[in-house]
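Asker: Structure for the following, please:
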Amino acid sequence: FAGRRKRLLRWRALLAQRIEQLTDLMHLEGGKPLADAVVEVVSAVEHIDWAARNARRVLGARRVRSRLILAEFSGHLEYQPYGVVGVIGPWNYPVLTPIGSTAYALAAGNAVVFKPSEYTPAVGQWLVDTFAEVVPEQPVLTAVHGFGDVGAALCRSGVGKLAFTGSSATARKVMSACAESLTPVLIEAGGKDAMIVDSDADLDAAAEACVWGAMTNAGQTCIGIERVYAVEPVFDAFVAKVVDRAGRLTVGADGSDLGPITMPAQLDVIRRHIDDALARGGR
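Answerer: The predicted structure follows:
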């Protein structure tokens, strides 16, 4: 634990020192606004820090109490590493999400094979390369690149566990592939996240939270607000405040609140949502 802590904290420090380099790369490759990228990297650094500092406390061996009938026995509990953990990362948060799984797996004593999204391979490789700088003695974090077939191969490669973040449709395929060998799998898929605005809410704060929660990262967030329930007495006032705030957002490639949509296919999905809303009386 001590050796892993020292190396992970070294990686954390390197990411913090090169935050400008990493956020520039995230912006260049995926279009993420720099402000959003900074928030993401800072959160990832916190992941690494927590994993490094708490792994021994959470996973270290400890004695467990016996029972009177087994008084002549003593017992202890300890956690063994899986060995190799596969991590399949997403394109919408190419640093924060995979670093979460990766940092905890490394802190627990595993090696990690990381497949970044095909939309953000440069960011994924950057993370692996910087880790290699601070841990040159062992290649315990490596990257594999490619499309879905590479992810499928990783699922069937004999890893001890696999962590996946992505769409629900792909999650089903990942679970199915891992089930063939009873490989444990951790899935983070999409949601349908709701916000509730009650009659005693601070409407300015609620509207601000709504617009940020729905539109940060151009809305490309698995826990972004996708629907809002506002009670009737405050409904009209709340909608007006949301429309006002959303109308002030800037859109563009550089220095804007909203960056581009990363996946080309998603444009048709967005158009369908808009057309459906207008057809049902939306304004």
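Asker: Check for me that residue 90 belongs to a helix.
Answerer: No. Using DSSP: H, G, I helix; E, B strand; the rest coil, the secondary structure at residue 90 is coil, not a helix.
Asker: how far away is the nearest residue to it once chain neighbours are set aside from residue 11?
Answerer: Nearest residue to residue 90, sequence neighbours excluded (CB to CB, 6 or more residues apart in numbering): residue 165, at 4.5 Å. Placement of C-beta: from N, CA and C, glycine included. Note on residue 165: its distance to residue 11, by CB to CB, to the nearest Å, is 20 Å.
Asker: show me where the stretch 1-150 of the chain has strands.
Answerer: Using DSSP state E, counting those that start in this stretch, the strands assigned to the stretch 1-150 of the chain run over residues 62-64, 75-77, 84-88, 111-115, 141-143.
Asker: can you put those in JSON lines and add mean neighbour count and mean pLDDT?
Answerer: Shown next, in JSON lines, are these (neighbours: other CB atoms under 10 Å; pLDDT from 0 to 100):
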{"stretch": "strand 62-64", "mean neighbour count": "9", "mean pLDDT": "90"}
{"stretch": "strand 75-77", "mean neighbour count": "9", "mean pLDDT": "90"}
{"stretch": "strand 84-88", "mean neighbour count": "25", "mean pLDDT": "98"}
{"stretch": "strand 111-115", "mean neighbour count": "23", "mean pLDDT": "98"}
{"stretch": "strand 141-143", "mean neighbour count": "18", "mean pLDDT": "98"}
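Asker: which one of the ones you listed lies closest to residue 278?
Answerer: strand 84-88 (36.4 Å; CB to CB).
Asker: Paired strands for the closest one, with orientation please.
Answerer: Applying DSSP bridges, strand 84-88 is found paired with strand 111-115 (parallel), strand 161-165 (parallel).
Asker: buried residues in the last one?
Answerer: In other words, strand 161-165. Taking 16 or more other CB atoms under 10 Å as the neighbour-count basis, strand 161-165 is seen to contain the buried residues 161, 162, 163, 164, 165.
Asker: Just read off the phi/psi values of the spatially closest residue to residue 73 that is not a sequence neighbour.
Answerer: Among residues not flanking residue 73 along the chain, residue 66 sits closest, at 5.4 Å (CB to CB, 6+ apart). In terms of degrees, to the nearest 10, the main-chain angles of residue 66 are phi -90, psi -180.
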